[in-house]
Each structure stands twice: as structure tokens, then as C-alpha cells.
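> Just need the structure, nothing else, for what follows:
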Amino acid sequence: MPARPGPLALAAVAIVVAATGAASAASPTSVPLDTETTVGGVPVACTGVGESKLNPHWNSYPVRVEFSGADNGLLADEALTIFDDAGAEVVSVACAGPWILLKLPPGSYRIEGRLPKTQAMPQSGYFRVTPDGPVHLELRFPDA
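Numbers count the residues shown, from 1 in each chain. Sure, this is the predicted structure:
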């Protein structure tokens, strides 16, 4: 697996991903809030606001990506693109809530997160999905 860009912190199943300045040219598919859909063969949900984020069904998603700002507060209106370990785009989605949930098969992936309505630098990094448990990724935007 390629070297990870920028500082990364790994604690149990949480990964904080750092900025690289690279942006994806992908046009993300908008996923409605608190709705499940399939994008490019990948089950995806957009949630994280109010009591809806407590829905136990969301626990069935092995990957949860949270977007946060410099103050660690959750951010919304984000987009992300996931690439497989060969560099092929797996899925590209946009969400109005602070969480994007994905049912990705086990493997190694690269993630690029963006806040399209801001001037914040894109964030990217690498993660791995295993059958052993969920992956919680936090993309922190220090300039948002």
C-alpha cells in the first residue's frame, strides 16, 4: 500500500485523514438525507443529523465517514470519492449531513473528501476495510 500523505492518527478503528491538496474530478451523486441508496453498486446512506443518526440500522454499514472542522464540530454539505487500491474510482457521493455510510467490501481504499461550498482544502488518505469490525473515518478540515 502507498505511503499515507500527511499526519494520520489511528486509534482502534478511527482514522483522522489529513490534507493533500488534491481534488477529484468526479461528479458526485447526491444522496438524500436519511436515505439509503446504491451508487455504482455500493450501498450508501447520508445521515448524522438529530435523532435520525441514532437509527440502529446505520450500524449495518461497515464504513462511517464523518466530516469535521478545526473546532472538531461536525460539518455538512460534503462530497467524497473512494478509490480502490488500483486507483479506480469505486464511488463518488455528496451528502447534506455530516455522515456518509458505505457498505464497501473488504480491501484497501483511498478516500478524498471535499466541502464543495467552501474554500477548504480537500482531505485525503488511505484506509482498510476488514471483516473484523467497522471503520470510523474522520475527515478533519482545519481551514473550514
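> CA only for contacts and neighbour counts going forward, please
Fine.
> in stretch 109-119, what's buried?
109-115 (16 or more other C-alpha atoms under 10 Å).
> Check the gap between the most centrally placed residue in the chain and L80 for me.
Residue closest to the mean C-alpha point of the chain, counted by C-alpha atoms, centre = their mean, is V65 at 3.6 Å. V65 is 9 Å from L80, where distance means C-alpha to C-alpha, to the nearest Å.
> got it, and E66?
Taking C-alpha to C-alpha, one finds E66 at 11 Å from L80.
> between the two, who's got more neighbours?
Comparing E66 with L80 by other C-alpha atoms under 10 Å, the one with more neighbours is L80, at 27 against 23.
> which element is that one on?
strand 78-84 (DSSP states H and E).
> Check F67 too.
With DSSP H and E as the test, F67 turns up in strand 63-69.
> any idea of the angle that strand forms with strand 78-84?
Inter-element angle recorded for strand 63-69 and strand 78-84: 140 degrees (by axes from the mean of the first three to the mean of the last three C-alpha atoms, to 10 degrees).
> what about dumping the CA coordinates of strand 63-69 to PDB?
The C-alpha atoms that make up strand 63-69 are tabulated as PDB, following Å, rounded to 0.1, in the frame of the first residue of the first chain:
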ATOM      1  CA  VAL A  63     -17.700   2.300   7.000                       C
ATOM      2  CA  ARG A  64     -18.800   5.600   8.500                       C
ATOM      3  CA  VAL A  65     -17.100   8.800   7.300                       C
ATOM      4  CA  GLU A  66     -17.600  11.900   9.500                       C
ATOM      5  CA  PHE A  67     -16.600  15.500   8.400                       C
ATOM      6  CA  SER A  68     -15.400  17.900  11.000                       C
ATOM      7  CA  GLY A  69     -13.900  21.400  11.100                       C
END
